[in-house]
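Peer 1: give the three-dimensional model of this entry:
(chains A, B, C and D)
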2 protein chains.
Amino acid sequence: MPAVALQLENELDYGRLDQSLGYVLRRAQLAVFKTFQTMFRALDITPAQCSVLLIIEKNPGLTQTQVSDALGIKRANFVALFDGLEARGLAQRASASDRRSYALQLTPRGRAMLRKIHAVSDAHEEKISAGLTQADRHELFRLLNALIAPLEEPVADAE
Amino acid sequence: MPAVALQLENELDYGRLDQSLGYVLRRAQLAVFKTFQTMFRALDITPAQCSVLLIIEKNPGLTQTQVSDALGIKRANFVALFDGLEARGLAQRASASDRRSYALQLTPRGRAMLRKIHAVSDAHEEKISAGLTQADRHELFRLLNALIAPLEEPVADAE
DNA sequence: TATTGTTATACTCTATAACTATA
DNA sequence: TATAGTTATAGAGTATAACAATA
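Peer 2: Numbers count the residues shown, from 1 in each chain, chains lettered A, B, ... in the order given. Here you go, the predicted model:
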């Protein structure tokens, strides 16, 4: 029996937390993350690893710094993350013209993994959109992007 | 000069990441979190500590377990979190009828802090809503709650 | 027996500084 | 001098197991 049933009608007052966009956004992100974990458990892959494979798929040959910057991952933390992908034979560091860097590539096994990722990702998107109509989902994208834009936007240099 | 300007028109392909609700949601949550950190720095308080104070404000006398459950914090992790609030004189553990537990309360200093929190919180909500109209903001609440509901909903026991 | 608060612990993420080899 | 990758490390946040006091 869940604790909720014990505290029957515990009706506790969340006050302004329920009116806080930040709080609701955090709850949504957390719920989505947990759903991700459940659905991707069989592939044994994290959201971050997933995003790296997806970026390399569309942009082969990028350097570690380019991929890190694109995904908001610190270069230092990217190393171990990519080591994991390389150890599993999903991606590799190929030599680049600039000998300080690597050209990141997928392996055949990585491409096979991506086909599975695409499938699970589609199912995941459908799952987390269960409470939304198609129009709702489209609108949610628009609103989230509208929210993000002014916050991520680099400081425009006034002159 | 930001890195973006250096890699002028680097136009790299995010592929399905841009069509992933999970990814966009994560970016939004991250942007909002960073804005929170900046604006609440002067109060030296985390989102979690903030939410605890807000819950106790509206529901004085709750136990640690009740507050933890309400906010999705593990009981074990709540201890240090509340120790911090108590050390700063913002909240306290009062004795309860059940001597295993405490009735959590605000102190006068905690109530004073909450007035500041309310003010900064209002400013924060306005800041993160900068890219949204009032109607947009209301719609975003509706959509996020619609997304969350089926994911958080405990497994309904069919019978 | 079960529950509350607690401690200890571990694992993941994230952030910073400093090193190396190349440029 | 500056940059790419790397290492080491430290700090959050979060997870589980086990214990003492109390119910």
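Peer 1: could you measure from the most centrally placed residue in chain A over to A:Gln37?
Peer 2: In chain A, the centroid-proximal residue (Cα atoms, centre = their mean) is A:Pro47; its distance is 4.6 Å. For A:Pro47, the distance to A:Gln37 (Cβ to Cβ, to the nearest Å) stands at 9 Å. Yep, even glycine has a C-beta here, placed from its N, CA and C like the rest.
Peer 1: same check on A:Leu53?
Peer 2: Taken as Cβ to Cβ, the span from A:Leu53 to A:Gln37 is 17 Å.
Peer 1: show me which of the two is the more surrounded one.
Peer 2: Shown here are A:Leu53 and A:Gln37; by other Cβ atoms under 10 Å in any protein chain shown, A:Leu53 has more neighbours (20 against 11).
Peer 1: need the strands for chain A, in chain order.
Peer 2: Applying DSSP state E to chain A gives strands spanning A:91-95, A:102-106.
Peer 1: now do the contacts for A:Ala28.
Peer 2: B:25, B:29, B:144, B:147-148 (Cβ atoms under 8 Å, 6 or more residues apart in numbering or on different chains).
Peer 1: circling back: I'd say the residue nearest to the centre of chain A and A:Phe33 touch.
Peer 2: Yes - counting by Cβ atoms under 8 Å, A:Phe33 is a contact partner of A:Pro47 at 7.3 Å.
Peer 1: got any residues that touch both of these two?
Peer 2: Common contact partners of A:Pro47 and A:Phe33 (Cβ under 8 Å, 6+ apart): B:22, B:26.
Peer 1: which residues of chain A lie near DNA strand C?
Peer 2: Applying Cβ under 7 Å from any atom of the strand, we find that chain A lies next to DNA strand C at A:46, A:48, A:73-74, A:76-77, A:98-100.
Peer 1: of all those residues, which two lie farthest apart?
Peer 2: Greatest spatial distance among the residues of chain A next to DNA strand C (Cβ to Cβ): A:Thr46 and A:Arg99, at 30.3 Å.
Peer 1: the two: who's more crowded?
Peer 2: Shown here are A:Thr46 and A:Arg99; by other Cβ under 10 Å, A:Thr46 has more neighbours (14 against 7).
Peer 1: list the contacts for that one?
Peer 2: Counted by Cβ under 8 Å, 6+ apart, A:Thr46 has contacts A:Phe40.
Peer 1: go again using 10 Å as the cut-off
Peer 2: By Cβ atoms under 10 Å, 6 or more residues apart in numbering or on different chains, the contact set of A:Thr46 is A:36-37, A:40, A:52, A:81, A:84.
Peer 1: closest to B:His118 out of these?
Peer 2: Out of these, the member with the shortest distance to B:His118 (by Cβ to Cβ) is A:Phe36, at 33.9 Å.
Peer 1: residues near the closest residue to A:Leu43 other than its chain neighbours, how many?
Peer 2: Computed as Cβ to Cβ, 6 or more residues apart in numbering or on different chains, the closest residue to A:Leu43 that is not its neighbour in sequence is A:Lys116, at 5.9 Å. For A:Lys116, the count of nearby residues is 13 (other Cβ under 10 Å).
Peer 1: isn't A:Lys116 right next to A:Met39, touching?
Peer 2: No - under the criterion of Cβ atoms under 10 Å, A:Lys116 makes no contact with A:Met39, lying 11.4 Å away.
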